[in-house]
Structures are given as structure tokens and as C-alpha cells.
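**Student:** build me a model:
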Amino acid sequence: MWPETPAELIRVQRDLSRSAPAPWRSAPARPAAAGCFVCFGRGQGGAGRAGEPAWAAAALIRGDGEITGTTVVAGEAGAPYRPGLLALREGRLLDAAIRALPGHADVVIANATGRDHLHGAGLALHLGAALDLPSIGVTDRPLLATGGQPARERGASTPLLIGTTEVARLLRTRAGARPVVVHPGWGTDLDTAVSVVLATAGRARTPEPLRCARRQARRARAAAEGRCE
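**Tutor:** Next up, the predicted model:
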């Protein structure tokens, strides 16, 4: 599931874009969610190169908000940064971090796109397929899709379209705060993805499992580089 060349990855992405996985029918109101995030060494220069040091973290949080486990996997970037080919750079690391968690997740939340992608299958969708888990992407901005701003109250959303197809939603998770982009991934639809993000965001702008994983990854990087963070 994790190709090593751009051409191979594009073939996988196009296959995934045409896939129709069984929908996640038993989504609980407050699922056990695993967030994952990867960061790279500071001072590496450029937009991102292959082989630079990387720290991938995952955090599992129950529906009641309790953190039940975190993991950090240290490694190297699998490829330079290239738009649309993030799976080459981060996929294996994120996969390893999720699999190392001491417990089962109902859903995976990644800082990546789903159908809003050059080849129809971003890393959030790809990761869910590789893990055989429902997945959702949360990003700060869309990749290709366009749409209007939601109302300012919590829970307001607007569709993000590529052509006439809705591929993601712009969601206000906190009143007055900047909205996030919610991407349905493997086995999830737009409504389910929005409800999970709202349920796991709490008082914060981004879902707590994703925030926790981001903190863990950055702390691991800081420790490895002899800094405080």
C-alpha cells in the first residue's frame, strides 16, 4: 500500500479514487479516535528533502476524552515534498505510528486530504485503506476545492466543490474561529466526517487526537535536537 516511486503512487491513488469501501455504519456518537501527525527536523532547508529526520506520533483518545495511549516513531522522510505525493514522504511513518498504539481506534484522523486531491485520493484516504480503518482528514485549507465561508457559529459548514462534486466541507469548530477543512476518507462520508470532527474537537479548533499527536511529535523532535518545546 505504500509505493516508493511517484508513478507507482499515482496508480494507487487513481485506484483508490475509484474504490467504494463499505460505509462505516456503526459510527458511535463519540468514537475512540486516533490522531496522527508527522514533523521533520528543523533547519533542513528547502521545502523538504528525502531522508531528513522525521518523528511521527499517534494519540488514541476515547469518546469520553481520556487519552489511552500515545506513540512516537522516529525515522526519515521517504521522499521530497511534492504536492499530491505526500504519501511517499509520510505514509509509512504514519502507518507505523498508528499500528504501534496500545488499543483499537474506531476512526483515524490525519492532517491530510481525501477526495480533494490531484488524483482523487489524498493521504487521509490512503492511510485508512492501508490500515483498513475509517479515516478522516483535517486541514487548514483545501487543496483544489473551492467554496464559501460558513456562518460564525460552531457547527456551521459549507460545501467545498471540485466542479459540481462536493469533496469536503469547511467547518466552524469554534464560534468565530477560523474554520477547518474536513475531508471524508476511507469508509466515511461527508456527514459522518463532520460529526466526528465536531465530537472530537471539544473546545479547540482542531480535533483533540490530532492536537495531541502534533504535541507528541514536536516534543520528540525537540528532545532529539536538544531543545525545549
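
**Student:** for the longest helix anywhere in the chain, buried residues please.
**Tutor:** Ordering each helix of the chain by length in residues (DSSP state H) puts helix 208-224 first. Buried residues in helix 208-224, defined by neighbour count with 16 or more other C-beta atoms under 10 Å: 208-214, 216-221. Glycine gets a C-beta too; all of them are placed from N, C-alpha and C.

**Student:** hmm, who's touching it?
**Tutor:** Residues from elsewhere that reach helix 208-224, judged by C-beta atoms under 8 Å, 6 or more residues apart in numbering: 33-42, 53, 55-61, 65, 67, 70-72, 74, 97, 109-111, 138, 200-202, 204, 228-229.

**Student:** among those residues, which ones are in strands?
**Tutor:** Within the contacts of helix 208-224, residues falling in strands by DSSP state E are 33-40, 53, 55-61, 67, 70-72, 74, 109-110, 138.

**Student:** buried subset of those, written for ChimeraX?
**Tutor:** Only the buried entries of the ones in strands among the contacts of helix 208-224 go into this ChimeraX selection, using 16+ other C-beta under 10 Å:
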select :33,34,35,36,37,38,39,40,53,55,56,57,58,59,60,61,70,71,72,109,110,138
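
**Student:** which residue is nearest the middle of the protein?
**Tutor:** In the chain, the C-alpha nearest the mean C-alpha coordinate belongs to Ala110, at 1.4 Å (C-alpha atoms, centre = their mean).

**Student:** spatially nearest residue to it, not counting backbone neighbours?
**Tutor:** Closest residue to Ala110 apart from its sequence neighbours, by C-beta to C-beta, 6 or more residues apart in numbering: Ala124 at 4.5 Å.

**Student:** how about low-confidence regions in the protein?
**Tutor:** Along the chain, segments meeting pLDDT under 70 span 26-27, 44-46, 228-229.

**Student:** quick one, helices of it?
**Tutor:** So, for the chain - with DSSP H - the helices run 6-17, 86-99, 123-131, 190-201, 208-224.

**Student:** pipe those helices into TSV and attach distance to Thr164 per row.
**Tutor:** Below are those laid out as TSV (distance: least, C-beta to C-beta, whole Å):
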stretch	distance to Thr164
helix 6-17	17
helix 86-99	26
helix 123-131	20
helix 190-201	15
helix 208-224	30
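
**Student:** burial count for Gly163?
**Tutor:** Using other C-beta atoms under 10 Å, Gly163 has 9 other residues around it.

**Student:** would you quantify the distance from it to Phe40?
**Tutor:** From Gly163 across to Phe40, the span is 34 Å (C-beta to C-beta, to the nearest Å).

**Student:** before we move on, what about Ala29?
**Tutor:** Taking C-beta to C-beta as the measure, Ala29 falls 36 Å from Phe40.

**Student:** now do Leu123
**Tutor:** Relative to Phe40, Leu123 is positioned 15 Å away (C-beta to C-beta).

**Student:** Pro28 now?
**Tutor:** Counting by C-beta to C-beta - Pro28 and Phe40 are separated by 34 Å.
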